[in-house]
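> One predicted model, sequence on top.
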Amino acid sequence: MDINELQNESIISLNKKIKEQYEKLKNLLNEVRKKEVPPEVSYHINPLIDKVNNLSSFDKRLALILHNTQKEIIKILEKETQIVPRNFYTKKWTPLGMAVFGIPIGAALSGASGNSGLLGAGLAVGLAVGAGRGKKLDKKAKEENRVLDFDY
């Protein structure tokens with residue numbers, strides 16, 4: 001099963017932000033078509049595209065709907081095929097590292113020394129750990145040819 005085409009060019013006529021979101025979604029779909037995706041992935045993506053094709057240009061939340069559709073497609077691709085956009089894991093793991101590693105390390109340093117300024121040092125450590133992990137996963141995905149030529 002092929003991935004449907006975006007056919008609702010009329011929704012981009014007036015607003016620059018909507019046009020940019022529409023073009024990004026169109027580029028994402030073009031990149032996905034270049035990869036061999038299983039039919040069940042197309043089965044999940046096509047209803048999202050049909051929803052966009054049925055949108056009215058009068059909808060005030062149009063840019064948000066286009067952005068959320070793009071995010072949903074990326075989520076489906078990552079979950080079902082492990083195909084991801086460029087720098088996907090770095091963008092995902094950097095804040096995760098700060099939250100999971102940085103805050104506890106900073107709290108421990110701060111509590112042990114009595115200096116609350118060391119909380120920020122923990123965040124820096126978490127940032128480095130998360131970014132390093134993300135870059136490693138991005139490199140692995142690139143080596144396995146699972147990266148789309150797309151920035152989100």
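Good, I have the coordinates. Numbering: from 1, shown residues only.

> Show me which parts of the strand or helix carrying residue 23 are buried, residue by residue.
In the assignment (DSSP states H and E), residue 23 maps to helix 16-34. Across helix 16-34, burial judged by 16 or more other Cβ atoms under 10 Å covers 18-19, 21-22, 24-29, 31-32. The C-beta positions use only the backbone N, C-alpha and C, and glycine is treated the same way.

> Tell me the one among these nearest to residue 148.
residue 31 (4.2 Å; Cβ to Cβ).

> Chain neighbours aside, what residue packs nearest to the closest one?
Leaving out its chain neighbours, the residue that sits closest to residue 31 by Cβ to Cβ, 6 or more residues apart in numbering is residue 148, at 4.2 Å.

> Was I right to think the one you found contacts residue 81?
No: counting by Cβ atoms under 8 Å, residue 148 sits too far from residue 81 to count as a contact (10.6 Å).

> Pull up the overlap in contacts between the two.
residue 35 (Cβ atoms under 8 Å, 6 or more residues apart in numbering).

> more crowded one of these two?
Neighbours per residue, other Cβ atoms under 10 Å: of residue 148 and residue 81, the larger number sits with residue 148, 21 against 16.

> For the more buried one, list the residues it contacts.
The contact partners of residue 148, taken as Cβ under 8 Å, 6+ apart, are 28, 31-32, 34-35, 77, 83-86.

> Pull the number of nearby residues for residue 44.
Around residue 44 there are 16 residues (other Cβ under 10 Å).

> brain fart, residue 88
So residue 88, with other Cβ under 10 Å, has 23 neighbours.

> how big is the angle separating whichever helix or strand comes after the helix holding residue 23 from helix 16-34?
Of the helices and strands lying after helix 16-34 in sequence (DSSP H and E), the nearest is helix 39-53. Using axes from the mean of the first three to the mean of the last three Cα atoms, to 10 degrees, one finds that helix 39-53 and helix 16-34 are set 160 degrees apart in direction.
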